[in-house]
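Enquirer: could you work out the structure for the sequence below:
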Amino acid sequence: MSPPRKAQKWSDLSDQQKKVIAVALVIHLILLALTWRDLGRRPAADVRGPKRFWRLAATMNTTGSLAYWLFGRRRLPAAGLEQAPAPA
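Expert: Below you'll find the model as predicted:
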């Protein structure tokens, strides 16, 4: 069994590694802001599960935001696309 790895300091990272982390952080913050905005505007009936759960999940990591967008929202019917009654 190998010994645990020592945590690296920011100053120990290469410029490339710092850029990757910075881009990932920006993506996470954008997804977080969009998720929270959608949760604030969307009625509770249109959300699968409690809004508080989705806010917490989105805050913890990017996967929580992605899960909300994929599974947490109930699909709203498209406006103007109601089916016309079948001809008699």
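
Enquirer: longest helix of this structure, counting residues only.
Expert: Scanning the chain for the helix with the most residues, using DSSP state H, yields helix 15-41.

Enquirer: next SSE downstream of it?
Expert: Using DSSP states H and E, the helix or strand that directly follows helix 15-41 along the chain is helix 51-60.

Enquirer: tell me who's in contact with the residue nearest the centre of the chain.
Expert: In the chain, the residue lying closest to the centroid (CA atoms, centre = their mean) is S65, at 1.4 Å. The neighbours of S65, taking CB atoms under 8 Å, 6 or more residues apart in numbering as the test, are 28, 31-32, 34-35, 57-58. Every residue, glycine included, has its C-beta placed from N, CA and C.

Enquirer: of the residues you listed, buried ones?
Expert: Buried subset of the contacts of S65 (neighbour count, 16 or more other CB atoms under 10 Å): 28, 31-32, 35, 57-58.

Enquirer: what's the burial count for G40?
Expert: A total of 9 residues lie near G40 under the criterion other CB atoms under 10 Å.

Enquirer: so the residue nearest to the centre of the chain sits in a helix?
Expert: Yes - S65 forms part of a helix when assessed by DSSP: H, G, I helix; E, B strand; the rest coil.

Enquirer: returning to that earlier point: can I get the buried ones among the contacts of S65 in TSV including pLDDT and distance to S11?
Expert: As requested, the buried ones among the contacts of S65 are arranged in TSV below (pLDDT from 0 to 100; distance: CB to CB, whole Å):
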residue	pLDDT	distance to S11
H28	94	22
L31	95	28
L32	95	27
T35	95	32
A57	94	32
A58	94	30
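
Enquirer: a markdown table please, covering these and showing distance to P43.
Expert: Shown next, in a markdown table, are the buried ones among the contacts of S65 (distance: CB to CB, whole Å):
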| residue | distance to P43 |
| --- | --- |
| H28 | 26 |
| L31 | 21 |
| L32 | 21 |
| T35 | 16 |
| A57 | 19 |
| A58 | 18 |
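
Enquirer: confirm for me that A58 is in contact with W36.
Expert: Yes - counting by CB atoms under 8 Å, A58 does reach W36; the two are 6.8 Å apart.
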